[in-house]
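[1] next one to model:
(chains A and B)
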Amino acid sequence: MFKSLLFFGAGAVINATGERDMEKLGGLIHRMPCTSFAFLIGCVAISALPPLNGFVSEWLTFQAILQSPELPQWGLKIIVPAVGGLLALSAALAAACFVRAFGITFLGRARSDAAGQAREVDRFSLTAMFVLAALCLVAGILPGFVIDALAPVTQAFVGESLPSQAHLPWLTIAPIAEARSSYNGLLVFLFIAVTGWGAAFIVHNLASRRVRRSAAWDCGFPDPQPQTQYSASSFAQPVRRVFGSLVFRARETVDMPPPGDLRAARLTVEVRDLAWDWIYTPISGGIAFAAIRLNRLQFLTIRQYLSLVFLALVSLLLVLALWT
Amino acid sequence: MDLIRALLIQGLQMAVVLLLAPLLTGFVRKVKARLTRRQGASVIQPYRDLIRLLRKEAVLADNASWLFRVVPYLVFASTWVAAALVPTFGGGLLFSWTADLIAIIALLGFGRFFLALAGMDIGTSFGGIGSSREMMIASLAEPAMLLTVFSLALVAGSTQLSTVAALMSSPEVGLRVSLGMALVALIMVAIAENARIPVDNPATHLELTMVHEAMVLEYSGRHLAMIEFASSLKLVLYLSLIGCIFIPWGIAAPGAGLADYLIGAVGYVAKIGVGAVLLAVFETSIAKMRVFRVPDFLGAALMLGLLGTLLLFVSRSL
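    Below is the predicted model:
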């Protein structure tokens, strides 16, 4: 649900600005308030934050991991906590990734004219996004019904399903027993809404509600050029340095001109995907090697071709005979 | 009758964490000042600061959006809800089944997510640097915290905080290697999450050393007050969490008498008082790390958490 929502949002942004590069967007929250709200809901959901649906599925996965010491297989016993750790890591990295996606695209100041003159998308796209956003919220605060509705599917696949959840008091979900673990999305949502709104109400009525608009502070040195904002790649730099140097062999090289030289300094970032290097490159290399060797087959005489076809037929029939 | 009592205790708990939070911050600052042979501001100074900020007008940058104005209340609300679900003086809170430990961590993540977004809203380089570094720290601290929770949950057989605390105070748990690792990992995460000294400096305004402060640089008036309040609530939350899991003695059992609750309250104040003094001593005795040393620090916490969990998976008695 949140993935389709985010794709719709991305489509709306491309439609409105004609720009795919995040580094040239920014400030869209002022020009497209409805799209940005729906996109924000999608970002919160995909980062597995309560009270939306992404968190419920993450929570259920963690509960399943906590059940696994009772598994009899030793291999699984060792792997499962590592998987749990990786899952936690990926959830946290997803949050960082979507702060970057939303922050660079929708917040800040416009980095190009296209972004500065964007228009809100049409009503149909907005409706589609808002329906999905509402579904994310409903599945997040009333997860019991969703689990019950999915029960036949899990029953068909693994032959087991969670006990019925919808009848539990206050629409809580408790996969095993309430004393072990339970989560109530509805109450969490209500608590946040009530305390947040209450705090705003009290502060506005008892303390101060005045607002003054002024230039940004920025420690006293604001620069009016939108290029001085944090860009998408500068936002990712700390994460790239921490994780990227290991996983992606990220290398940063700074080419600094000598003093007195007026040439601009250059920062090059090289990122290699290890999956590409270790899985795809050998496969494509093997195919290329085989193709070059088999290339010779293209220049045979007709007699040789005919005998080749005959040999292939005989060998195929042999294989078939041996197989059955 | 039982329901009313439970509701009363839950309400009292929410009020206690709210009222105690600025006092704790003031106390840590006072101890730190005394340790460096300064007089220091009064312990109630944070209350005065909060009131002063609340009464001032809020100055917004020209291009601040609605998100910028909503975030302080969201951060405050999520932190307060999370803090109210950690048992302080009495166990068996009425709403403790609403959200377990994993949900409490996720609630804190919710606040951080929005605060990082708000840091990027104005489009200044300071806000961006703060948000970016905060998310980098969080991307290591959150898994470390979750792995700690895993080892606790495996020992206690539950992720419910009240149940965990009740089990920890029973004699059958005893000393365990994995719990020791979990404690160390939890303390390291708590230091990072609360932006305390080796990771971040809560008192600085020097560009290169600040993470959290850079993110909230554009806030003023009542919005800043809400954010400051939320960060002192977070400190209370982590100290209470460590207290209720690792030194759970004195927490009143559900349905206990008034005397038990009084003992629980005194014990709680003593626990977080000791915690605050230890924090201040630790902070004065250590220098701040470079930003790119922080991943090493948190990576150690992550590994400790993973090791503790692995030990529990392999053996039931360690």
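
[2] now chain B against chain A: closest residue?
    Nearest residue of chain B to chain A: B:Gly128, at 2.2 Å (Cβ to the nearest Cβ). C-betas here are computed from N, CA, C, even on glycine.

[3] now residue 219. Nearest residue, chain neighbours left out?
    Unless you meant another one, I'm taking chain A. B:Phe126 (5.9 Å; Cβ to Cβ, 6 or more residues apart in numbering or on different chains).

[4] nope, chain B please
    Going by Cβ to Cβ, 6+ apart, B:Tyr219 has B:Ile227 as its nearest residue, at 5.9 Å.

[5] that neighbour: which element?
    B:Ile227 belongs to helix B:221-246 when assigned by DSSP states H and E.

[6] following that helix, which helix or strand comes up?
    Remark: after helix B:221-246, the chain's next helix or strand is helix B:258-284, criterion DSSP H and E.

[7] then whichever helix or strand comes after that next one to CSV, C-alphas only?
    Remark: after helix B:258-284, the chain's next helix or strand is helix B:294-314, criterion DSSP H and E. Provided in CSV are the C-alpha atoms of helix B:294-314 (Å, rounded to 0.1, in the frame of the first residue of the first chain):
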residue,chain,number,x,y,z
VAL,B,294,30.6,7.9,16.7
PRO,B,295,29.9,4.9,14.4
ASP,B,296,32.7,3.0,16.1
PHE,B,297,31.2,3.7,19.5
LEU,B,298,27.7,2.7,18.4
GLY,B,299,29.0,-0.2,16.4
ALA,B,300,30.4,-1.6,19.6
ALA,B,301,26.9,-1.2,21.2
LEU,B,302,25.4,-3.0,18.2
MET,B,303,27.9,-5.9,18.5
LEU,B,304,27.3,-6.2,22.2
GLY,B,305,23.6,-6.4,21.7
LEU,B,306,24.0,-9.0,18.9
LEU,B,307,26.4,-11.0,21.0
GLY,B,308,24.0,-11.0,24.0
THR,B,309,21.1,-12.1,21.8
LEU,B,310,23.2,-14.8,20.2
LEU,B,311,24.2,-16.2,23.6
LEU,B,312,20.6,-16.4,24.5
PHE,B,313,19.7,-18.2,21.3
VAL,B,314,22.5,-20.7,21.9
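
[8] from the contact counts, what lies against helix B:294-314?
    helix A:74-106, helix B:125-156, helix B:177-193 (3 or more Cβ pairs under 8 Å, 6 or more residues apart in numbering or on different chains; DSSP states H and E).

[9] in chain A, what helix or strand scores lowest on average pLDDT?
    helix A:245-247 (a mean of 71; mean pLDDT, DSSP states H and E).

[10] helices or strands up against it?
    Using 3+ Cβ pairs under 8 Å, 6+ apart, helix A:245-247 is in contact with no helix or strand.

[11] what parts of the stretch 151-300 of chain B come near chain A?
    Contacts of the stretch 151-300 of chain B with chain A, taken as Cβ under 8 Å from any Cβ of the partner chain, map to B:153-154, B:157-160, B:163, B:205, B:207, B:217-218, B:221-222, B:225-226, B:291-292, B:295.

[12] and those, which are buried?
    B:153-154, B:157-160, B:163, B:217-218, B:221-222, B:225-226, B:291, B:295 (16 or more other Cβ atoms under 10 Å in any protein chain shown).

[13] before we move on, the earlier item: for A:Trp217, find the nearest of the helices and strands packed on helix B:294-314.
    The closest of the helices and strands packed on helix B:294-314 to A:Trp217 is helix B:125-156. By Cβ to Cβ, the value is 8.7 Å.

[14] what does the average pLDDT come to for the following helix or strand past that closest one?
    Per DSSP H and E, the first helix or strand lying C-terminal to helix B:125-156 is helix B:161-168. Mean pLDDT, computed over helix B:161-168, is 80.

[15] next, the angle from helix B:161-168 to helix B:221-246.
    30 degrees (axes from the mean of the first three to the mean of the last three Cα atoms, to 10 degrees).

[16] return the distance of helix B:161-168 from the chain's centre.
    The chain centre lies 19 Å from the centre of helix B:161-168; the measure is Cα atoms, centre = their mean, to the nearest Å.

[17] ditto for stretch B:236-247
    Centroid separation for stretch B:236-247 versus its chain: 9 Å, with Cα atoms, centre = their mean.

[18] now do stretch B:171-179
    24 Å.

[19] would you list the helices and strands packed on helix B:294-314 in JSON lines and tack on distance to B:Phe114 and mean pLDDT?
    JSON lines is the format used below for those (distance: least, Cβ to Cβ, whole Å; pLDDT from 0 to 100):
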{"stretch": "helix A:74-106", "distance to B:Phe114": "9", "mean pLDDT": "86"}
{"stretch": "helix B:125-156", "distance to B:Phe114": "11", "mean pLDDT": "89"}
{"stretch": "helix B:177-193", "distance to B:Phe114": "15", "mean pLDDT": "90"}
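
[20] can you say which of those helices is nearest to B:Glu283?
    That would be, of the helices and strands packed on helix B:294-314 and by Cβ to Cβ, helix B:177-193, which comes in at 8.7 Å.
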